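K.L.:
One predicted model, sequence on top.
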Amino acid sequence: KPPARASSSASDAVGDLLSSIQKSLFESEAFIHYLQVVTGCRIQPHSSEVRRFRPGLDYTVAHHGQLSKESWLSSTLTFVDDTSKSKAELWQSEEVGGFDCFLSADKDGEAATAEVYRPNKEEDNDLLSICAITNTLNLVLRGPARMHFTKYVSASAPGSRWDIRAEYQVAPESDA
């Protein structure tokens, strides 16, 4: 089930604040210039969104439609309740989900997906997993035949995972 907007006024306020950051930062020329400097890539903005993953309800899916011949820069600013050591350890354990996972397509160019994600060391299609840590900006250069998803946040998670996610198309001459 895709991430949804919250209905409570406190959640609406958080969503509104993150939407403001999305527009003033992620879509700004200054931020795009910063990303070009730190990555060495020429990029063009493509899409951005504010997302909330509620415990026991929301996730994203890696799918064939993500496969592209171009490279993409994924930028994600994440917020979770990791205010205590036990909560931080729970998010970092990946036991409650909410982490970002980047996968490669299988040898036939098809998506290497499953109903339930379990890393398989023999197939080695799990390129990168990034735990949810609050106030962190993750930048991932995603090459052709690469997919991304955010793991289901379990009902035992200490709270929702909020993020601002943006995708930038990498100009072909700057592909690595």
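P.N.:
Okay, I see it.
K.L.:
Only the buried residues of stretch 147-161, if you could.
P.N.:
Under the neighbour-count criterion of 16 or more other C-beta atoms under 10 Å, stretch 147-161 has 147-153, 157-161 buried. (Each C-beta comes from the backbone N, C-alpha and C, glycine too.)
K.L.:
for stretch 28-42, same thing?
P.N.:
31-32, 35-36, 39, 41.
K.L.:
In helices, which of those residues fall?
P.N.:
The members of the buried residues of stretch 28-42 that map onto helices under DSSP state H are 31-32, 35-36, 39.
K.L.:
closest to Ser75 among the residues you listed?
P.N.:
Nearest to Ser75 out of those is Leu35 (C-beta to C-beta; 6.8 Å).
K.L.:
Which neighbouring residues are in contact with the closest one, exactly?
P.N.:
41, 43, 73, 75, 139, 168 (C-beta atoms under 8 Å, 6 or more residues apart in numbering).
K.L.:
export these to TSV and tack on pLDDT?
P.N.:
Converted to TSV, those look like this (pLDDT from 0 to 100):
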residue	pLDDT
Cys41	93
Ile43	94
Leu73	94
Ser75	94
Leu139	95
Tyr168	94
